[in-house]
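Visitor: what shape does this take:
(4 chains)
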Number of protein chains: 2
Amino acid sequence: MAGRAAVPEVIWARPERTGRGPRPAYTRADIAAAAVRIADAEGLDGVSMRRVAAELGCGTMSLYNYVPRKEDLYELMIDAIGAEHVIQEPSGDWRADMLRNAMETRAIMHRHTWVPRLMSGVYGFSPNSLRYLEHCLECLEPLDLPYATKTELVALLNGVVTTYTSNEIATAERTRSMPWSEEEENAVRIAYLGSQVATGAYPRLAAAFMEQSGPIDLEGVFRRALERVLDAFDPERR
Amino acid sequence: MAGRAAVPEVIWARPERTGRGPRPAYTRADIAAAAVRIADAEGLDGVSMRRVAAELGCGTMSLYNYVPRKEDLYELMIDAIGAEHVIQEPSGDWRADMLRNAMETRAIMHRHTWVPRLMSGVYGFSPNSLRYLEHCLECLEPLDLPYATKTELVALLNGVVTTYTSNEIATAERTRSMPWSEEEENAVRIAYLGSQVATGAYPRLAAAFMEQSGPIDLEGVFRRALERVLDAFDPERR
DNA sequence: AGCGCACTACGTACGCTGTACGTAACTAGG
DNA sequence: CCTAGTTACGTACAGCGTACGTAGTGCGCT
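Guide: Residues are numbered from 1 along each chain as shown, chains lettered A, B, ... in the order given. Okay, the predicted model is just below:
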């Protein structure tokens, strides 16, 4: 009657403990913490079922009692990270509050650089995600807009945060894995881009590159993007 | 002297043909096309070096003459998809043009649902990417802003397009892989969310869900997000 | 109280992955 | 013409996710 449990089952719908059988040796929090520890230390590719099981000190296949598919392990990791959000009383200034939320998310991602890679392809309704979403809505209380628009604001803002931080991390890791200095790397890049631009096929691109001088202020770029998005929803700014 | 080629070498910097040795049997375009064909038909996970080689009709390891790492194969795929952008003369209305570009990107992604998954972690300076970027800057010619700001606009817009379309695709694939009807799936989801909301921990979330009725107009949500972003850069709108 | 079943634990095994390495054939530049 | 650099590709290895089978454990129901 119950039939086969279909693939897309969401882990948060499963009870952590059913009551029957031996007491589980680990909690979901234990498992998530172990996986996070590995990802922080060795990168996301270091997170394999075998490796996590070893970190916990149990057999590989025992993990599958807790986590039916690896994807669900990822879900646990994202939720665990979500716990790092410090929910604090809204100030009444929704722009400031949302900006703070965004900056905190960015900081968390820089602390756990594997998070953006996991953000796409994850269900998005973990307990801590719900908690964070609720908090955002609370911060937006002073804003007189329907909830539909407010959720659109939150979604847009979160999307921007993820995209931008993801790019920051990718760039940072690219330059980190360089055997050469950053200057040399830039030289190589400029050389390639220069060779393309020199064909004359990309005049505006060339102009854009000429215009820019010195290193880019990544945090500045990020903040400006956020301000733009907030502007777009601010009744006093339009 | 030349030493080991370091890992992060960019494939676009390599010449496709050096002149020495036997004439290569395939072009980069051939390889990209084969990989794209597989990804379209069997999903991105179907794209393995062996599978692509088989599709081309050559030995697995021969592929490594063309593509030093699998990541570079992904780069080829993204570039191949970029060729589907129809570059047309700017109309003079930069908002309309950019909106068209965004909608076209979205359409391409819906045609090749694996694209968003690849977009993060890819270098982003393939020939067709440059071509598209140049075209965007051309569309923005009527807008009186420094190039730095214009590139920020393009980046923000592209980020939004990728994020939103990625979500659309994820949702679509989730419901597609359901053995149940969409209604039933919604019922299950509501049941879970309901159970969470019923705890009283998420009053605003609950209100937001109550407010919404009927299915969401995804394209509408997308268009509205785009308009917001464009608003944020439109001098006449502030 | 005690039976039975649902659960935990985990070893083995399968099919798959990316790719390092070695060898043979080939061709363009000096 | 020769030879160095390239293409082609078979073999092999380490690692992956996970299906499956078996043994042990303790809650819930009768």
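Visitor: gap between residue A:77 and residue A:163?
Guide: With the distance defined as C-beta to C-beta, to the nearest Å, residue A:77 ends up 20 Å from residue A:163. Yep, even glycine has a C-beta here, placed from its N, CA and C like the rest.
Visitor: the more surrounded of the two?
Guide: Neighbours around residue A:77 and residue A:163, counted as other C-beta atoms under 10 Å in any protein chain shown, are more numerous at residue A:77. The numbers are 27 against 22.
Visitor: which other residues reach stretch A:193-210?
Guide: For stretch A:193-210, the external contacting residues (C-beta atoms under 8 Å, 6 or more residues apart in numbering or on different chains) are B:125, B:127, B:130-131, B:133-134, B:137-138, B:141, B:147-148, B:150-151.
Visitor: got it, and stretch A:11-28?
Guide: Residues outside stretch A:11-28 that contact it (C-beta under 8 Å, 6+ apart): A:56, A:58, A:62, A:65-68, A:72, A:75-76, A:123, A:125-127, B:188, B:192.
Visitor: which of these tops the neighbour count?
Guide: With neighbours taken as other C-beta under 10 Å, the top of the contacts of stretch A:11-28 is residue A:75, carrying 25 neighbours.
Visitor: the host helix or strand of that residue - contacts with which helices or strands?
Guide: Taking DSSP states H and E as the criterion, residue A:75 maps to helix A:70-82. On a contact count with 3 or more C-beta pairs under 8 Å, 6 or more residues apart in numbering or on different chains; DSSP states H and E, helix A:70-82 meets helix A:28-42, helix A:49-56, helix A:115-119, helix A:127-139.
Visitor: give me that answer again for 6 Å
Guide: Packed against helix A:70-82 by the contact rule (3 or more C-beta pairs under 6 Å, 6 or more residues apart in numbering or on different chains; DSSP states H and E) you find helix A:28-42, helix A:115-119, helix A:127-139.
Visitor: buried residues, the very next helix or strand once past the last one. List them.
Guide: Looking back up the chat, that one is helix A:127-139. Downstream of helix A:127-139, the first helix or strand assigned by DSSP H and E is helix A:147-176. For helix A:147-176, the neighbour count (16 or more other C-beta atoms under 10 Å in any protein chain shown) marks A:147, A:150-170 as buried.
Visitor: also stretch A:117-133?
Guide: So for stretch A:117-133, counting by 16+ other C-beta under 10 Å, buried means A:117-123, A:125-126, A:129-133.
Visitor: export those residues to TSV and append columns for pLDDT and distance to chain B.
Guide: Output for those, formatted as TSV (pLDDT from 0 to 100; distance: C-beta to the nearest C-beta, whole Å):
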residue	pLDDT	distance to chain B
A:117	95	7
A:118	95	11
A:119	91	9
A:120	81	5
A:121	73	6
A:122	75	9
A:123	77	8
A:125	85	7
A:126	90	10
A:129	94	11
A:130	93	6
A:131	94	8
A:132	96	11
A:133	95	6
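Visitor: can you put the residues you listed in TSV and add distance to residue A:50?
Guide: Formatted as TSV, those follow (distance: C-beta to C-beta, whole Å):
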residue	distance to residue A:50
A:117	20
A:118	19
A:119	25
A:120	25
A:121	22
A:122	22
A:123	24
A:125	29
A:126	24
A:129	28
A:130	32
A:131	32
A:132	32
A:133	34
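Visitor: for the residues you listed, which one is nearest residue A:107?
Guide: Proximity of the buried residues of stretch A:117-133 to residue A:107 (C-beta to C-beta) peaks at residue A:132, which lies at 14.0 Å.
Visitor: thought the closest one was touching residue A:85?
Guide: Yes. The pair residue A:132 and residue A:85 qualifies as a contact (C-beta atoms under 6 Å) at a distance of 5.4 Å.
Visitor: quick one: contacts of stretch A:108-123?
Guide: A:10, A:39, A:44, A:74-75, A:78, A:81, A:84, A:162, A:165-166, A:169, B:166 (C-beta atoms under 6 Å, 6 or more residues apart in numbering or on different chains).
Visitor: now, the most widely separated pair of those?
Guide: Across the contacts of stretch A:108-123, no pair lies farther apart than A:10 and A:169, at 27.5 Å, counting by C-beta to C-beta.
Visitor: domain parsing of chain A, as residue ranges.
Guide: A:11-82, A:94-237 (automatic domain parsing).
Visitor: how about the residues of chain A by DNA strand C?
Guide: A:17-18, A:20-22, A:24-26, A:58-62, A:64-66 (C-beta under 7 Å from any atom of the strand).
Visitor: before we move on, back to that, what's the mean pLDDT across the helix holding residue A:75?
Guide: Throughout helix A:70-82, pLDDT has a mean value of 96.
Visitor: so the helix or strand just after that helix versus helix A:28-42, what angle?
Guide: Moving toward the C-terminus from helix A:70-82, the next helix or strand (DSSP H and E) is helix A:94-111. When axes from the mean of the first three to the mean of the last three C-alpha atoms, to 10 degrees is applied, the directions of helix A:94-111 and helix A:28-42 differ by 70 degrees.
Visitor: no more questions from me, cheers.
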